[in-house]
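Visitor: Structure for this input, please:
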Amino acid sequence: MQKRLARYIGALALYPAPILFGWYLALSAAGTLLLLLPACRLPGTAPLSLTDAMFTATSAASVTGLMVVSTETQLSTAGQGVLLVLIQLGGLGVMTIGTLLFVSITGRQPVRFHMFTKETLNAPLSADVRRLILLVIGVTLLFEFVGAVALLLARLGDGPFLEVLWWAVFHAVSGFCNSGISLQDASLAPWSGDPAVILTMSALIVAGGLGFPVLLDMFHLRRRSRDRRSLRFHTKLVLAASTILLAVGMLAIWWLERDGALGGLPAGQAAMNALFQSVTARSAGFTTMPVEHFAYPAIFLLILLMVIGGSSGSTAGGVKVSTVSILALAGVAHARRRWQTAAFGRRVPDRMLRAAATVMAVYLTILVTGFMALLILEAPGLAQAEAEGYFLDLAFEAVSALGTVGLSTGATAELGEASRLVIITMMLLGRTGPLAIASVLLAPPKGPKIRYPESEVIIG
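Guide: All right, here's what the predicted structure looks like:
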């Protein structure tokens, strides 16, 4: 049995893309079957349909957060526990679990695994894979433990101790894994004025969205030097870009909604909620105010943030902040007629530019295809004059699903079964797509090395 399991897990090194997709598919299937059990729903509530159970399980496993059932009024503690397990396993990902099991069972560390771990964890080839993966799991559990304690202390006395403890643990895991699933239908709106809860959740979301390579680099778990100048280029790029996105997002949301969704709030609370919305829009999906109350400019800004997402190797989704940063740097370099794309005294290799362009192209292709499918299924004969914003609602849901964010304008619950299957597919592709593309780009090129003659193409 061990040999068979080792061979299966070891195949991840050779075929990471299909096995990664298979892992999340199996996780979603198992969650679907469990959610259909009577013990997973509250007494007196109707059984979940197969589509609703599948949608909910996939949303949790892919750490997206789009929901068509109520965790508060439909799911029992057992059902909520199923979601918690799915979120945790989905957040860690098959690369972490697969590598740990393979190394533990066989005691071997194949070169392919070293290469795959090097790309995803930004670790040197000489690093011990088992130690790296244990560090990943340890860092995850540490953040979730500290977050749960902070949330417990913030809400201590609000109700029965065990109930508050369960709430704290669930939201700590959901926050760090960027899933956006809450035990309340109103998400975090009841605590929109509580800095202890909102700032703790913001810290968990940011930490989970930075990615394990950045966290491990920042905490000096692989380096002897404690000089901040020795941070890796990837870490510096992610930290700089993430800071800019958080600040710009916060200021833009505050300015756009100062007389709207944030109107009437004290200045400090309005700033805190604007910051939280900027944090959660890049992958988490929690909210302190209904998205449908936002004006169109703010909703479009949220769409842009959802497309960008978090960092590579993190629990966040999206096209990834490093991808957008590299493409932006390349654009600036070309505009300034520079022969190289560089930042922080380092040049970005051409292969990274090609990889970033490939990831962006594939991501946008999937997004456009999924969005078109939703339009055909949900509004085949709806004229623009009668749409009343439905076009933007469907676009928002498509971006949220593919970016594994979970924010919604309320259209998700109204989708038909066929459209929900489209959203399920987009959530799975959004969770596995970037890693799958990265694994393909890692593979050596096939076929004879023939250099074709160059030919010019007119651009623009």
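
Visitor: Report how many residues lie close to the residue nearest to residue 303 when sequence neighbours are not counted.
Guide: Once flanking residues are discounted, residue 303 sits nearest to residue 399: 5.1 Å by Cβ to Cβ, 6 or more residues apart in numbering. The way it works is simple: take the backbone N, C-alpha and C, and place the C-beta from them, glycine included. Residue 399: 23 surrounding residues under other Cβ atoms under 10 Å.

Visitor: With residue 236 instead?
Guide: When neighbours are counted by other Cβ under 10 Å, residue 236 registers 18.

Visitor: Repeat that for residue 451.
Guide: For residue 451, the count of nearby residues is 5 (other Cβ under 10 Å).

Visitor: Ok, residue 414 next?
Guide: Residue 414 has 12 neighbours, counted by other Cβ under 10 Å.

Visitor: Over to it: give its phi and psi.
Guide: Here is the backbone geometry of residue 414 (degrees, to the nearest 10): phi -100, psi 0.

Visitor: if we can go back for a sec, could you report the distance from the residue nearest to residue 303 to residue 371?
Guide: Look at residue 399 and residue 371: by Cβ to Cβ, to the nearest Å, they are 8 Å apart.

Visitor: which SS state does the residue nearest to residue 303 fall under?
Guide: Secondary structure state of residue 399, per DSSP: H, G, I helix; E, B strand; the rest coil, is helix.

Visitor: so what pLDDT did it get?
Guide: Looking at residue 399, its pLDDT is 94.

Visitor: wait, residue 297 sits on residue 253?
Guide: No - counting by Cβ atoms under 8 Å, residue 297 does not reach residue 253; the two are 9.7 Å apart.

Visitor: Of these two, which one has the most company?
Guide: residue 253 (26 against 14).

Visitor: which residues sit in contact with that one?
Guide: The contact partners of residue 253, taken as Cβ atoms under 8 Å, 6 or more residues apart in numbering, are 262, 274, 277, 278, 298, 301.

Visitor: Can you verify it is assigned to a helix?
Guide: Yes - the assignment for residue 253 by three-state DSSP puts it in a helix.

Visitor: And the pLDDT for it?
Guide: Taking residue 253 on its own, its pLDDT is 95.

Visitor: try residue 349
Guide: Per-residue confidence (pLDDT) for residue 349: 82.

Visitor: Return the distance of it relative to residue 254.
Guide: For residue 349, the distance to residue 254 - Cβ to Cβ - is 38 Å.

Visitor: Same drill for these two, tell me which one is more crowded.
Guide: Between residue 349 and residue 254, residue 254 has the larger neighbour count (other Cβ under 10 Å), namely 19 against 12.

Visitor: That one contacts residue 260, correct?
Guide: No - proximity of residue 254 to residue 260 does not meet the contact threshold set by Cβ under 8 Å, at 10.6 Å.

Visitor: How about the contacts made by the residue lying closest to residue 237 once chain neighbours are set aside?
Guide: Of all residues not flanking residue 237 in the chain, residue 325 sits nearest, at 5.4 Å (Cβ to Cβ, 6+ apart). The contact partners of residue 325, taken as Cβ under 8 Å, 6+ apart, are 237, 238, 240, 241.

Visitor: can you pull the contacts of the third one?
Guide: Listed by Cβ under 8 Å, 6+ apart, the contact set of residue 240 reads residue 325.

Visitor: so the residue nearest to residue 303 sits right up against residue 308, yeah?
Guide: No - with contact defined as Cβ under 8 Å, residue 399 does not reach residue 308; the gap is 10.6 Å.

Visitor: Would you mind listing the residues touching both of the two?
Guide: By Cβ under 8 Å, 6+ apart, residue 399 and residue 308 have no common neighbours.

Visitor: what about stretch 393-401, distance to the chain center?
Guide: 15 Å (Cα atoms, centre = their mean, to the nearest Å).

Visitor: residues in contact with that stretch?
Guide: 64, 66, 285, 291, 299, 302-303, 306-307, 367, 370-371, 374-375, 378-379, 405-412, 415, 423, 426-427, 430.

Visitor: Which of those residues fall in helices?
Guide: When those are checked against helices (DSSP state H), the matches are 299, 302-303, 306-307, 367, 370-371, 374-375, 378, 423, 426-427, 430.

Visitor: And the furthest pair within the contacts of residue 325?
Guide: Within the contacts of residue 325, 238 and 240 form the most distant pair, 7.4 Å apart (Cβ to Cβ).

Visitor: okay, residue 211: pLDDT?
Guide: Residue 211 is assigned 79 on the pLDDT scale.

Visitor: Any figure for the gap between it and residue 67?
Guide: 25 Å.

Visitor: Of the two, which one has the most company?
Guide: Neighbour count, other Cβ under 10 Å: between residue 211 and residue 67, residue 211 has more, with 27 against 24.

Visitor: Looks like the more buried one contacts residue 318 (just checking).
Guide: No - counting by Cβ under 8 Å, residue 211 stays clear of residue 318, with 11.8 Å between them.

Visitor: tally of neighbours for residue 353?
Guide: For residue 353, using other Cβ under 10 Å, the count is 16.

Visitor: Contact partners for it?
Guide: Contacts of residue 353 (Cβ under 8 Å, 6+ apart): 326, 327, 330, 341.

Visitor: so where is the stretch 201-350 of the chain shaky, pLDDT-wise?
Guide: 220-229 (pLDDT under 70).

Visitor: Helices of that one, residue ranges please.
Guide: 212-218, 233-257, 267-280, 296-308, 321-335, 350-378 (DSSP state H, counting those that start in this stretch).

Visitor: out of these, deepest packed?
Guide: Highest mean neighbour count of the helices of the stretch 201-350 of the chain: helix 212-218, a mean of 23 (counted as mean count of other Cβ atoms under 10 Å).

Visitor: shouldn't residue 210 be in contact with residue 238?
Guide: Yes - Residue 210 is within contact range of residue 238, at 6.4 Å (criterion: Cβ under 8 Å).

Visitor: hey, what's in contact with both of those two?
Guide: Common neighbours of residue 210 and residue 238 are listed as residue 311 (criterion: Cβ under 8 Å, 6+ apart).

Visitor: on that earlier part again, out of the helices of the stretch 201-350 of the chain, the one nearest residue 206 is which?
Guide: In terms of Cβ to Cβ, the element of the helices of the stretch 201-350 of the chain nearest to residue 206 is helix 267-280, at 6.0 Å.
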